[in-house]
Structure formats: C-alpha cells, structure tokens
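A.B. asks: I'd like to go over a predicted model; first the sequence, then the structure.
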Amino acid sequence: MLVSDIMNPSVVSCAPDESVAHAARLMAAYNVGSLPVCSPDGRLRGIVTDRDIVLRCIADGSDPGRMPVRELMTRAVASLSPGDDVSRAAEKMGGGQVRRMPVVQNGKVVGILSLCDIARSEAFGMEAARAFGEISSNLKRK
C-alpha cells in the first residue's frame, strides 16, 4: 500500500510571513497540532507545531501577534512522497519521532500522513504501533 492511498489530501498550511497567532488560530479551527509552512506556490518551507508556539514564543514572552511563523518554524522537515510504501513511511516517522509528516510531490505539499492514518489502515496497525512506541520511548528534549 502506498502513502497516497491513506494520506489526507486536505492540507491546511500557513505562510512564513504570517503571524504565530494566525497559525494558532488555524490549528484551533481545524483541530490540528501542526501546520506545514509553505511559500505561495505551495512549496514546503518548514513546519510549525503547537509545541513550537508554546516553547519558542509564549514561554519566551514574545508577542504571537507580531512574531512571524518563520522565526520559530522548523526548517529541516522530513517528508514523504505519495509513492512511498506505508511500512517505510511508518519507519521514517518512528525514526524521526514525528506523528505527522508532510507528503510532497515535485516540491509541493500534496497531503499529510499521520500515525492515525496508518493505524486506521488495518494492514498496518503493527507498523503504527511500532512507530508510536519509538516516538514515545525516545522523546527528544529541547
């Protein structure tokens, strides 16, 4: 089974120059914990998470209404291709300690794959559990 078979093609993203407050409102409105950060042409530039907002903006006393997303986003983002095998994707997510990963084709974000998407696919429940175990047991502390 391929990533394209189970990924979510409905991607909510933000631009690097948008405010952190705007990104937080998008996360709240769409009930997501991370957003790909994309240039106007849809190219992946980074990712911002709810944890980034709390630790790199709020905890520092910065103003989320004035801080642009580019100042706190993670720039080196691992991604998947729609043609990647789901088992390999689960391994990559576990190794990278991420629960969601952008799916990129020709440099543009075309979807998001989450461990929940993998777990919902009956054929890959064990891979999802293994990846989640890796994430949970090897949490990186920043």
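C.D. replies: Sure thing, it's come through.
A.B. asks: where do the helices sit along this protein?
C.D. replies: 3-6, 20-30, 50-53, 86-96, 115-120, 125-137 (DSSP state H).
A.B. asks: Check which helices and strands the fourth one is in contact with.
C.D. replies: Which is helix 86-96. Secondary-structure packing of helix 86-96 (3 or more C-beta pairs under 8 Å, 6 or more residues apart in numbering; DSSP states H and E): helix 3-6, strand 100-105, helix 115-120, helix 125-137. C-beta: built from backbone N, CA, C; applies to glycine.
A.B. asks: ranking those by mean pLDDT, which is last?
C.D. replies: Mean pLDDT values for these show the minimum at helix 125-137, a mean of 53.
A.B. asks: isn't residue 114 right next to residue 99, touching?
C.D. replies: Yes - between residue 114 and residue 99 there is a contact under C-beta atoms under 8 Å: 6.1 Å.
A.B. asks: Give me the more crowded residue out of these two.
C.D. replies: residue 114 (20 against 17; other C-beta atoms under 10 Å).
A.B. asks: Return the residues in contact with the nearest residue to the more buried one once chain neighbours are set aside.
C.D. replies: Leaving aside its chain neighbours, residue 114 sits nearest to residue 100 (4.6 Å; criterion: C-beta to C-beta, 6 or more residues apart in numbering). Residue 100 sits next to 33-34, 112-115 when contact means C-beta atoms under 8 Å, 6 or more residues apart in numbering.
A.B. asks: Buried residues of stretch 6-19, list them for me.
C.D. replies: For stretch 6-19, burial by neighbour count (16 or more other C-beta atoms under 10 Å) applies to 6-7, 11-14, 16, 18-19.
A.B. asks: Can you give me the end-to-end span of it?
C.D. replies: 31 Å (C-alpha to C-alpha, to the nearest Å).
A.B. asks: and what of stretch 14-26?
C.D. replies: Termini of stretch 14-26 sit 8 Å apart (C-alpha to C-alpha).
A.B. asks: could you give the mean pLDDT of it?
C.D. replies: Here the average pLDDT along stretch 14-26 is 97.
A.B. asks: Show residues contacting that stretch.
C.D. replies: 12, 32, 35, 37-40, 45-46, 48, 50, 53, 57, 62, 64-73.
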